[in-house]
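1. build the 3D model from these lines:
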Amino acid sequence: MTPVRRRDLVVLALGLAVAAWLLVRAFYGELPALAWWQPLPLGVLAVAEALGARTLRARLTALREARSAPTQRAPRRTPSAQLRPVEPMLVARLAVLAQASAYVGAVFAGLWAGVLAHVGPAVGRLQAATGDSVSALIGVACATGLVAAALWLESVCRVPPDESDPSEGVSA
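-> Sure, this is the predicted structure:
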C-alpha cells in the first residue's frame with residue numbers, strides 16, 4: 001500500500017469546491033436550508049480516528065520499547081505480560097480506514113468549501129445565508145479535522161524501517 005498523497009487530496013478538494021460552488025450558485029433558491037448538525041458525523045469520525053491513532057501509537061511504542069529493552073534481570077512480571085499485543089490485521093484495517101477517510105474528508109471539505117464560497121459573501125443580503133454559512137463553516141472544520149486525523153492514523157500504521165537493515169546507498 002502506498003501512502004495517501006497530500007497533493008491528490010488538495011486537488012480533489014479544490015475540484016469539488018469549484019463544482020459545488022457552481023451548483024449552489026445555479027440552484028441555491030431551490031435547495032433546502034442546511035442544518036448546523038449535518039456535518040457533525042464527520043467530526044465524530046474525526047474524533048474517533050484521532051483517539052484510535054493515539055491509542056495505537058501508545059501501544060505500538062510500548063511494544064517496540066519492550067522488544068528493544070535489554071533483559072538483564074528477570075522481573076516478577078515481564079513487560080510483555082503487561083502489554084497487549086497488536087494484531088497485524090487490525091493495523092492493516094486501520095490503515096485502509098485511514099486512507100478511505102482521508103479521501104472522504106477531502107471530498108466533503110471541497111463540497112462544504114464550495115457552499116461557503118457562495119453563501120459567505122451573501123450573508124448580509126440573504127436571510128438564509130447566515131444559517132447556511134454556519135453549517136458550511138462547521139462542515140469545513142469537521143471535514144478538515146477528518147483529513148488530519150486520517151493522515152495521522154495512517155502515519156501511525158506505517159511500519160518503521162528495520163534498524164538491522166542497511167540504509168539505501170550503503171554498500172555492505
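
2. how about low-confidence regions in this protein?
-> Within the chain, the ranges that satisfy pLDDT under 70 run 70-82, 161-172.

3. biggest helix in it, by residue count?
-> In the chain, taking DSSP state H as the definition, the longest helix is helix 88-119.

4. tell me the buried residues in it?
-> 91, 94-95, 97-99, 101-119 (16 or more other CB atoms under 10 Å). In this view, the C-beta of every residue, glycine as well, is placed from N, C-alpha and C.

5. try stretch 141-148
-> Within stretch 141-148, the residues that qualify as buried are 141-147, counting by 16+ other CB under 10 Å.

6. likewise stretch 23-31?
-> 24, 28.

7. and stretch 123-133, by the same measure?
-> 128-129, 132-133.

8. do you know how far the most centrally placed residue in the chain is from residue 157?
-> With distances taken as CA atoms, centre = their mean, residue 150 lies nearest the centre of the chain, 2.1 Å away. Relative to residue 157, residue 150 is positioned 11 Å away (CB to CB, to the nearest Å).

9. mutual contacts of these two, please.
-> residue 98 (CB atoms under 8 Å, 6 or more residues apart in numbering).

10. restricted to helices, list the buried residues of stretch 141-148.
-> 141-147.

11. can you tell me the closest non-neighbouring residue to residue 96?
-> The shortest distance from residue 96 to any non-neighbouring residue, by CB to CB, 6 or more residues apart in numbering, is to residue 1 (7.7 Å).

12. mind listing what that neighbour touches?
-> Residue 1 neighbours (CB under 8 Å, 6+ apart): 95-96, 99.

13. sounds good, over and out.
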